[in-house]
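In: mind looking at a prediction? Sequence and model below.
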Amino acid sequence: MARNTDIPTEEELYDLAELFKVFGDSTRIRILFQLFDKELSVGELADLLNMNQSAVSHQLKVLKQAKLVKNRRDGKSIIYSLDDEHVRTIIAMGIDHIEE
């Protein structure tokens with residue numbers, strides 16, 4: 001990753017733009033908020049968000065590809081959680097910015 005004094009490469013700029021595109025959907029943000037404090041299955045997320053499981057699964061796939069969520073198998077269920085603390089930090093910084 002480029003340092004503050006370095007100009008990012010075109011690839012880094014592209015990857016950063018793609019990451020921010022993922023945050024450009026309020027449904028995905030709602031999913032991330034639900035995962036702030038606990039791990040949840042697709043069914044649990046669907047119930048909490050009043051959405052169908054197919055729609056939630058699609059959004060989770062996008063979030064997983066962006067490395068914002070991870071999953072693990074628990075019996076027949078797939079359980080999702082935030083990928084790391086950076087996800088929480090990015091969202092918190094966004095909230096701080098809009099509340100200024």
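Out: Good, I have the coordinates. All figures in this text were calculated on a predicted structure; none of them were measured in a lab. Numbers count the residues shown, from 1 in each chain.
In: which residue packs closest to the most centrally placed residue in the chain, ignoring adjacent ones?
Out: Within the chain, the residue whose C-alpha comes closest to the C-alpha centroid is residue 68; the distance, by C-alpha atoms, centre = their mean, is 3.9 Å. Leaving aside its sequence neighbours, residue 68 sits nearest to residue 87 (C-beta to C-beta, 6 or more residues apart in numbering; 5.1 Å). Using the backbone N, CA and C atoms, a C-beta is placed for each residue, glycine as well.
In: check contacts around the one you found.
Out: Taking C-beta atoms under 8 Å, 6 or more residues apart in numbering as the criterion, residue 87 is in contact with 32, 68-69.
In: OK, contacts around residue 59?
Out: With C-beta under 8 Å, 6+ apart as the criterion, the residues that contact residue 59 are 25, 27-28, 31.
In: relative to residue 90, how far out is it?
Out: Residue 59 sits 17 Å away from residue 90 when distances are taken as C-beta to C-beta, to the nearest Å.
In: flag the shaky bits of the protein, pLDDT-wise.
Out: Judged against pLDDT under 70, the low-scoring parts of the chain cover residues 1-5.
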